[in-house]
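this one's structure only:
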């Protein structure tokens, strides 16, 4: 018979090497009897049953979050809103004995990952964490390119979350990494490619909302366009409202892509676009429905105020470099690698910025190699607030990535844009930035000459950015107002 060892109040059974069913059954029975005896001993001594232990809860709130009426079963209203299964996350909730750890313990969450300013779901006031009994909630499924390693796209989801504030809205995101989305944004998520789960969420939701991004385009791939069109069709088959906020539409080049995008847009109930070029593209597709020009939701993912100054090494100022794969990788890496060397020779610190943890790694590695094997970098950032805190300390940012420019500008840091897509040029025009360099045919000399002109006018550019930033934030908030107007339950609560 295998011995039993007590381990921190629990029990461990040594390996049972017997092939006898009766012997295995006897071991299990012995474990049950011993646990029961310990349980009775706890009650007899007056020790609370859950002291020093973890207990399972069906509460949708993370550790340390509000958990009214603990131990009470799901109410009929909870069941009606999908409280079981997808509507609520089963979690371990710390008992009163561990209340000193309810903040995650020394700045860490329940998985041991560090928390950064603005990434704590409880501190951010996530809509899904404010649920109170008797409140009528609007349930929204949010679609986009979330949880796929792109900080810019995750910033759109964060912007929607911040914009909604404490409104009675229950968000469920379609994510490439649901655990990561919940960890860093506090938003319940389901796998974006699991259409059975997606359909289940939509059946219990009031609407499908696209929170910005360039989703309806076929430059990335036609498959991506088809995916979002399929989501819209599924939502309409389930008789759900479809709202598209701050959409970047196009480029759509293929015949099939144009037909797919036009058919999808005609099914949408409410739509806003992030720039005039997107509105023009929509009109060219033959879609004449009303659409308001607003601004990217990432403008609402503002950084927390911090006393930290710009990062400087002596008199050397930091210049962020945020490239993305484009054209011939070796030529692009050579251009940015040579540019980084020129920056360093002229008393600047080049800082490589990884906006997409999947796509940008290779190009950054090549640039670092050309720079001498190693270069300062910002990598493996999961939360938009973390990226904002780092960009805020830059002198300026040289960016191909659209959201590297938006996040830098929202932090008050002037971005020098490199255009590989019309959306980058549209952003530069909206913000009054110098005309972006085209990504095709880049050389270290072209980048350095453009940077010198940018540096000469930096203070004037920064003043323009700070002035127009407020207008962009106001336009981004207009997306939230339009979303609220779409639901009578939210009227008068913003």
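Everything's here; your move. Model, not experiment: these values are computed from the prediction.

so who does residue 432 touch?
If a contact means Cβ atoms under 8 Å, 6 or more residues apart in numbering, then residue 432 has 461, 464, 465, 468 as its contacts. To be clear about C-beta, it is placed using only N, CA and C from the backbone, and glycine gets the same treatment.

The strand or helix carrying the third one - contacts with which helices or strands?
I take that to be residue 465. Here residue 465 sits within helix 458-485, counting by DSSP states H and E. When contacts are defined as 3 or more Cβ pairs under 8 Å, 6 or more residues apart in numbering; DSSP states H and E, helix 458-485 packs onto helix 151-164, strand 241-247, strand 270-273, strand 292-293, helix 402-410, helix 422-431.

cutoff 6 Å now
In terms of contacts (3 or more Cβ pairs under 6 Å, 6 or more residues apart in numbering; DSSP states H and E), helix 458-485 is packed against no helix or strand at all.

and the angle for it with helix 422-431?
For helix 458-485 against helix 422-431, the angle by axes from the mean of the first three to the mean of the last three Cα atoms, to 10 degrees is 110 degrees.

buried sites along helix 458-485?
Neighbour counts over helix 458-485 (16 or more other Cβ atoms under 10 Å) mark 461, 465, 469, 472-473, 475-480, 482-484 as buried.

could you dump those residues to a markdown table with distance to residue 440 and pLDDT?
What follows is the buried residues of helix 458-485, written out as a markdown table (distance: Cβ to Cβ, whole Å; pLDDT from 0 to 100):
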| residue | distance to residue 440 | pLDDT |
| --- | --- | --- |
| 461 | 24 | 97 |
| 465 | 26 | 95 |
| 469 | 30 | 94 |
| 472 | 28 | 96 |
| 473 | 33 | 96 |
| 475 | 31 | 97 |
| 476 | 31 | 97 |
| 477 | 36 | 97 |
| 478 | 35 | 97 |
| 479 | 33 | 98 |
| 480 | 37 | 96 |
| 482 | 37 | 96 |
| 483 | 38 | 96 |
| 484 | 43 | 95 |
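
Same list (those residues) but as TSV, adding distance to residue 257.
Listed next are the buried residues of helix 458-485 as TSV, based on distance: Cβ to Cβ, whole Å:
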residue	distance to residue 257
461	36
465	34
469	34
472	29
473	33
475	28
476	28
477	32
478	29
479	25
480	30
482	27
483	27
484	32
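
Please report the number of neighbouring residues for the nearest residue to residue 403 once chain neighbours are set aside.
Sequence neighbours aside, residue 152 is the residue nearest to residue 403 in space, at 2.5 Å (criterion: Cβ to Cβ, 6 or more residues apart in numbering). Counted with other Cβ atoms under 10 Å, the neighbours of residue 152 add up to 24.

I'd say residue 152 and residue 400 touch.
No. Counting by Cβ atoms under 6 Å, residue 152 stays clear of residue 400, with 11.5 Å between them.

and residue 242, how far is that from residue 404?
For residue 242, the distance to residue 404 equals 29 Å [Cβ to Cβ, to the nearest Å].

Residue 434 looks like it's in a strand, true?
No. Looking at residue 434 with DSSP: H, G, I helix; E, B strand; the rest coil, it is coil, so not inside a strand.

And for it, the neighbour number?
14.

and residue 214, how far is that from residue 252?
From residue 214 across to residue 252, the span is 11 Å (Cβ to Cβ).

before we move on, what about residue 338?
For residue 338 relative to residue 252 (Cβ to Cβ), the value is 35 Å.

Please identify which of the two sits among more neighbours.
Each of residue 338 and residue 252 has its neighbours counted (other Cβ under 10 Å); residue 252 has more, 23 against 19.
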